[in-house]
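Student: quick check, what structure comes out for this input:
(2 chains)
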Amino acid sequence: MKMVELSWLIDPIYIVTIFFFIIGMQRMSHPLTARSGIIWAGAAMLIATAVTFFTPDLTNLALVAIAIVIGGGFGYIAAKRVAMTDMPQMIALYNGMGGGAAAGISAVALLGTTSAATGSLAVVGGLIGAVSFSGSLIAFLKLQGWMRPRPVTFPGQQIANMAVLVLAIISGVFIITQPAWIPLSVALYLPLFFVLSLGFGLLMTLPIGGADMPVVISMYNAFTGLAVALDGFSFATPNYAMVVAGIIVGAAGSLLTINMARAMNRSLPNVFFGAFGATEEKNAQIQGSMKAIETDDVAVMLAYADKVIIAPGYGMAVAQAQQKVKELTDLLENKNVLVKFAIHPVAGRMPGHMNVLLAEAGVSYDHLFDRDEINPEFPGTDVVLVIGANDVVNPAAHRQGSPLFGMPILDVEQAKNVIVFKRGQGKGFAGIENDLFYRDNTRMLYGDAQETVGKLVQAVKKF
Amino acid sequence: MTEMTMLWTAVYITMLAAFTGYVVISRVPAILHTPLMSGSNFIHGIVLVGAMVALGLATTPVERVVGFVAVILGAANVTGGYVVTERILQMFDRSGKKPGKEV
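Tutor: Now for the predicted structure:
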């Protein structure tokens, strides 16, 4: 075939691909150049995919093309159609698919003949890929609300999980060594290995509560990178594009995971074995009651305030209230009220989620402040508007024994007045009662955030 | 190349790549954590080329089925990862947006 003649192009193009990936990631790590970063990476992926068709001895090319169209079409359409608020779970979903693809590559490699060395790498890659696949799917289901986000726990869970992992590793070892004395036929160990690996990913993710999902997704992202890198070695000629890109993602993803966990003040073992939010405090007693307030009263408060801080959360994203919030900000600034935004690193369901939504609505960066920057300012603030945030403003985090204990929060309760915009009286994503709502300086403004902020804008205009 | 040279080449590459990934991501502002996670999610979509080779070299029906599924998953990782990242990053683009606050 004529195609084979172009195979010399593969390695040079893969090298260019890696170069573009690195440039792309470099650009993505700076706000001003971030947008162009993905275009560099995307162009690289396109040429890498195209040149791969010229790999020597490839057959089934029609099948390859059909599969690309099916998978690519699904990925494209689904990603285009989901709402901006659902992006976190889409990242989980596509990450899981990458992990699944890696597991599939391992499976094909192990179905054929491999040396002990490449076979071992394929086994490890397969294990990590399969864990990332099933784990990410659970994360997706929990975030999408198709599964209860609360941790699923049962007695002896850690032991059961470890047992499944150990069995998976043992079957992996049997696949490579194929000892004569093993009870089952060798051909059975491959499916068993993958079932156990998938099972481990599932079991490992079930006890993790919704609030910790960003960290978990980030970790599975690093896992997939690692699996891809290991699978790069599973071919007769190693695929160095996979190895290098996979390792880069593995390293970058691990660092991101640690940074995120740190932002939430949770250690990684704690995330994975803590079953965060599974237990209720037994004798936590909350004094006082929730006190509702009317829009007009809030408007008066705002119009005559000197300083207002807005603490947005996932509820703002769900209600798509960011545009109205921006209007309110402009209105108050025209009245010479100082308005700042307090952004908790994990407000929403991903670090930076709020920044993205507010940027979309046109709120400029210089209005947004990190938790550490803004926390000292709350005592001197007249009004704090908590818009759809819950766990990140829960003072229970300061109380020993609370499941939230130790998580750095926005100390909004120190402001003179706190207005909480909330749909109903439910609990936050972590499933924990919020003391803040019962404080004497807190008032509740019930309703859909977009609607209530809209009404508030109208009411403030009257003053 | 002998197995040993291969091994050491692999170690060199792994070390340098890990270092690159670390350097590229360190000192990143928190607001870019999500886009970067999404971006690196796209980059491990390179798994697609491996899946293509796996399917292309598959000989038995079982291998073909597994390879076919792997290519579908890999391709979805690539296009989905790209579009999600693109959509997130679009919001960082200040030009050509609805007028925000004048600077």
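Student: for burial, what's the neighbour tally of residue 35?
Tutor: All of this is about chain A. 21 (other Cβ atoms under 10 Å in any protein chain shown). Heads up, the C-betas are built off the backbone N, CA and C, glycines and all.
Student: hmm, I had chain B in mind actually
Tutor: Residue B:35, neighbours per other Cβ under 10 Å, totals 30.
Student: over to residue A:406?
Tutor: 14.
Student: how about it, phi and psi?
Tutor: The phi/psi pair for residue A:406 (degrees, to the nearest 10) reads phi 100, psi -20.
Student: contacting residues around residue B:22?
Tutor: The contact partners of residue B:22, by Cβ atoms under 8 Å, 6 or more residues apart in numbering or on different chains, come to A:251-252, A:255.
Student: helix or strand for residue A:62, which one?
Tutor: helix A:61-81 (DSSP states H and E).
Student: and what of residue A:332?
Tutor: helix A:322-334.
Student: for that helix, buried residues please.
Tutor: Under the neighbour-count criterion of 16 or more other Cβ atoms under 10 Å in any protein chain shown, helix A:322-334 has A:322-329, A:331-332 buried.
Student: ok, now stretch A:99-106?
Tutor: A:99-106.
Student: quick revisit: how far off centre is the helix holding residue A:62?
Tutor: 23 Å (Cα atoms, centre = their mean, to the nearest Å).
Student: which parts of that helix are buried?
Tutor: A:63-64, A:67-68, A:71-72, A:74-76, A:78-79.
Student: same thing with stretch B:83-92?
Tutor: B:83-92.
Student: dump it to PDB, restricted to CA.
Tutor: Only the C-alpha atoms of stretch B:83-92 are listed here, as PDB (Å, rounded to 0.1, in the frame of the first residue of the first chain):
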ATOM      1  CA  VAL B  83     -14.900  21.400  23.600                       C
ATOM      2  CA  VAL B  84     -15.200  21.500  27.400                       C
ATOM      3  CA  THR B  85     -11.800  23.200  27.700                       C
ATOM      4  CA  GLU B  86     -12.600  25.600  24.900                       C
ATOM      5  CA  ARG B  87     -15.900  26.600  26.400                       C
ATOM      6  CA  ILE B  88     -14.400  27.200  29.800                       C
ATOM      7  CA  LEU B  89     -11.500  29.200  28.400                       C
ATOM      8  CA  GLN B  90     -13.800  31.300  26.200                       C
ATOM      9  CA  MET B  91     -14.900  33.000  29.400                       C
ATOM     10  CA  PHE B  92     -11.400  34.200  30.000                       C
END
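Student: mind listing what the residue nearest the centre of chain B touches?
Tutor: Centroid-nearest residue in chain B, with Cα atoms, centre = their mean: residue B:43, separated by 1.4 Å. Each residue near residue B:43 by Cβ under 8 Å, 6+ apart is listed here: A:21, A:24-25, A:41, A:45, A:225, A:245, A:248-249, B:81.
Student: repeat that for 10 Å
Tutor: A:17-18, A:21-22, A:24-25, A:28, A:38, A:41-42, A:44-45, A:98, A:221, A:225, A:228, A:245-246, A:248-249, A:252-253, B:21, B:77-78, B:81-82, B:85 (Cβ atoms under 10 Å, 6 or more residues apart in numbering or on different chains).
Student: okay, and it sits in which element?
Tutor: Going by DSSP H and E, residue B:43 is part of helix B:33-43.
Student: counting by contacts, list what whatever helix or strand comes next after that helix packs against.
Tutor: Moving toward the C-terminus from helix B:33-43, the next helix or strand (DSSP H and E) is helix B:47-56. Using 3 or more Cβ pairs under 10 Å, 6 or more residues apart in numbering or on different chains; DSSP states H and E, the elements in contact with helix B:47-56 are helix A:10-28, helix A:34-52, helix A:61-81, helix A:87-111, helix A:213-232, helix A:240-263, helix B:61-90.
Student: near chain B at all, the third one?
Tutor: Yes. When contact is scored as Cβ under 10 Å from any Cβ of the partner chain, part of helix A:61-81 falls within range of chain B: A:61, A:63-81.
Student: now swap in the fourth one and tell me
Tutor: Yes. Looking at helix A:87-111 against chain B by Cβ under 10 Å from any Cβ, the contacts come from A:87-88, A:90-111.
Student: thanks a lot, catch you later.
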